[in-house]
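**Student:** Below: sequence and its predicted model.
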Amino acid sequence: MTENRNFKRRVRARAAKTGESYTTALMHLRQASAEDLVAQPRLLRLAVAQSGYFDDPRDAAALHHAGEGIRHLMREAHRAGARVLHFPEGATCFPNKRIMSTIGPREIGPSDWRRFEWTVLRKELDAIRTLARDLGLWTVLGSVHKLTEPHRPHNSLYVISDKGAVATRYDERMLSNTKVSFMYTPGTIPLTFEVDGVRFGCALGIECHFPEIFGEYEQLNVDCVLFSTSGGALANDIAFAAEVQGHASINRYWASFAVLAQPGLTAPSGIVSPDGQWAVRCSGDGPSIVVADIGRDPVDPARPWRRSARGGIYDPHIVSDDPRSSSRDMF
């Protein structure tokens, strides 16, 4: 009621100042308010996690410990005011290909998914969903998703809503050779979801190597891509992080880079702004979070211009020169 009275007072003040009728002043102020609303960027506080590394799905105690670590970071994100928390690939467990191999561990062969403590995983996921509801925190979480036998599982990202429900799920599409040969069933479609008017896309694993994945999300009008990975295979591998910076800059959207905590093996988790620069990064090698306020700037001309540039605007300006012209005319 107070806000309504203040608005009416502004209408009367404008009418007195300009000599307009009350109705005309009301029309102008309503139009101005609508334009101001449109021009305001949609902002949301995003947290990205660097969570613990666990690779043995046979170890029930380790799965429980991973779940406890995830919930600890969820509480930290809530205290930091985050609306969405983004976790790495395999945050619940990143199954080791040698542990899972039927002919391992010295050789890599088809994975034996009967070795996975699925009941323990389900209990931990239920506890995570309950906490997401209690905190009112959207949680994007890397986990293995079991399919009916004899199908291999998906390598997935669960999108858990602030109501504690699995709102949707992204399944890694561009699997590595080992993953597709011995471990997982590939996904088939991109995924977008919205929170408070901010649209997210998801990518996973090694998909940072495939620019078409990130270009597709630009066409799907996302404001931020959440990329979850276990990290590179080489010591001090910064390639994945650098590629995510490039995709953010090329497509002019935010990108979140979530990686498992493996000291000395990969770049830390962080959030990249649409200009390709790191807005925030985790500082240490262990589990932690950082937060940034993200959203699309409605007055940024770069993204609309790049869409126009890809749409054939140069065609009317292209000319054909006579290839038989004298070589001296080339300089």
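**Tutor:** Perfect, thanks for sending it. Residues are numbered from 1 along each chain as shown.
**Student:** neighbours of Asp126, just the number please.
**Tutor:** By the criterion of other C-beta atoms under 10 Å, Asp126 has 12 neighbours. No exception for glycine: its C-beta is placed from N, CA and C like everyone else's.
**Student:** per-residue pLDDT, it?
**Tutor:** According to the prediction, Asp126 has pLDDT 98.
**Student:** Show residues contacting the strand or helix carrying it.
**Tutor:** Assigned by DSSP states H and E, Asp126 belongs to helix 118-135. Helix 118-135 is contacted from outside by 57, 60, 63-64, 66-67, 70-71, 74-75, 78, 92-93, 137-139, 141, 143-144, 146, 158, 160-166, using C-beta atoms under 8 Å, 6 or more residues apart in numbering.
**Student:** Restrict that helix to CA atoms and write it as PDB.
**Tutor:** C-alpha atoms of helix 118-135 as PDB (Å, rounded to 0.1, in the frame of the first residue of the first chain):
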ATOM      1  CA  TRP A 118      23.700 -47.900  -5.500                       C
ATOM      2  CA  THR A 119      21.600 -48.000  -2.300                       C
ATOM      3  CA  VAL A 120      24.100 -45.800  -0.400                       C
ATOM      4  CA  LEU A 121      24.100 -43.300  -3.300                       C
ATOM      5  CA  ARG A 122      20.300 -43.100  -3.300                       C
ATOM      6  CA  LYS A 123      20.300 -42.300   0.400                       C
ATOM      7  CA  GLU A 124      22.900 -39.600   0.000                       C
ATOM      8  CA  LEU A 125      21.000 -38.100  -3.000                       C
ATOM      9  CA  ASP A 126      17.800 -38.100  -0.900                       C
ATOM     10  CA  ALA A 127      19.600 -36.300   1.900                       C
ATOM     11  CA  ILE A 128      20.900 -33.700  -0.600                       C
ATOM     12  CA  ARG A 129      17.400 -33.200  -2.000                       C
ATOM     13  CA  THR A 130      16.000 -32.700   1.500                       C
ATOM     14  CA  LEU A 131      18.600 -30.100   2.300                       C
ATOM     15  CA  ALA A 132      18.100 -28.300  -1.000                       C
ATOM     16  CA  ARG A 133      14.400 -27.900   0.000                       C
ATOM     17  CA  ASP A 134      15.200 -26.800   3.500                       C
ATOM     18  CA  LEU A 135      17.700 -24.200   2.300                       C
END
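**Student:** which residues touch the spatially most central residue of the chain?
**Tutor:** In the chain, the C-alpha nearest the mean C-alpha coordinate belongs to Leu226, at 1.1 Å (C-alpha atoms, centre = their mean). Applying C-beta under 8 Å, 6+ apart, we find Leu226 in contact with 86, 140, 157, 200-203, 255-256, 258.
**Student:** Give me the domain ranges for this structure.
**Tutor:** According to automatic domain parsing, the chain comprises the domains 2-39, 44-309.
**Student:** what about Met74, is that helix, strand or coil?
**Tutor:** helix (DSSP: H, G, I helix; E, B strand; the rest coil).
**Student:** distance of it from Asp297?
**Tutor:** Computed with C-beta to C-beta, to the nearest Å, the distance linking Met74 and Asp297 is 29 Å.
**Student:** which of these two has more neighbours?
**Tutor:** Comparing Met74 with Asp297 by other C-beta under 10 Å, the one with more neighbours is Met74, at 25 against 16.
**Student:** For PyMOL, write the selection for the buried entries among the contacts of helix 118-135.
**Tutor:** What follows is the PyMOL syntax for the buried subset of the contacts of helix 118-135, where burial is set by 16 or more other C-beta atoms under 10 Å:
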select buried, resi 57+63+64+66+67+70+71+74+78+92+93+137+138+139+141+143+144+146+158+160+161+162+164
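**Student:** does Leu260 really touch Asp55, like I thought?
**Tutor:** No - Leu260 is not in contact with Asp55 according to C-beta atoms under 8 Å; the separation is 9.3 Å.
**Student:** got any residues that touch both of the two?
**Tutor:** Overlap of the contact sets of Leu260 and Asp55 (by C-beta under 8 Å, 6+ apart) consists of 90, 94.
**Student:** Which of those two has more residues huddled nearby?
**Tutor:** More neighbours surround Leu260 than the other of Leu260 and Asp55, with 26 against 17 (other C-beta under 10 Å).
**Student:** Contact partners for the more buried one?
**Tutor:** For Leu260, the contacting residues are 50-53, 88-91, 94, 229-231, 266, by C-beta under 8 Å, 6+ apart.
**Student:** Which ones among these map onto strands?
**Tutor:** By the criterion of DSSP state E, membership of the contacts of Leu260 in strands covers 50, 229.
**Student:** Who does Leu44 form a beta bridge with?
**Tutor:** Ile294 (DSSP bridges).
**Student:** what sits against it?
**Tutor:** The contact partners of Leu44, by C-beta under 8 Å, 6+ apart, come to 83-84, 195-198, 293-295.
**Student:** Can you tell me what sits against stretch 140-149?
**Tutor:** Contacts of stretch 140-149 (C-beta under 8 Å, 6+ apart): 57, 70, 84-95, 113, 116, 118, 121, 125, 128, 153-160, 169, 171, 185, 200, 202, 204, 226, 228, 258.
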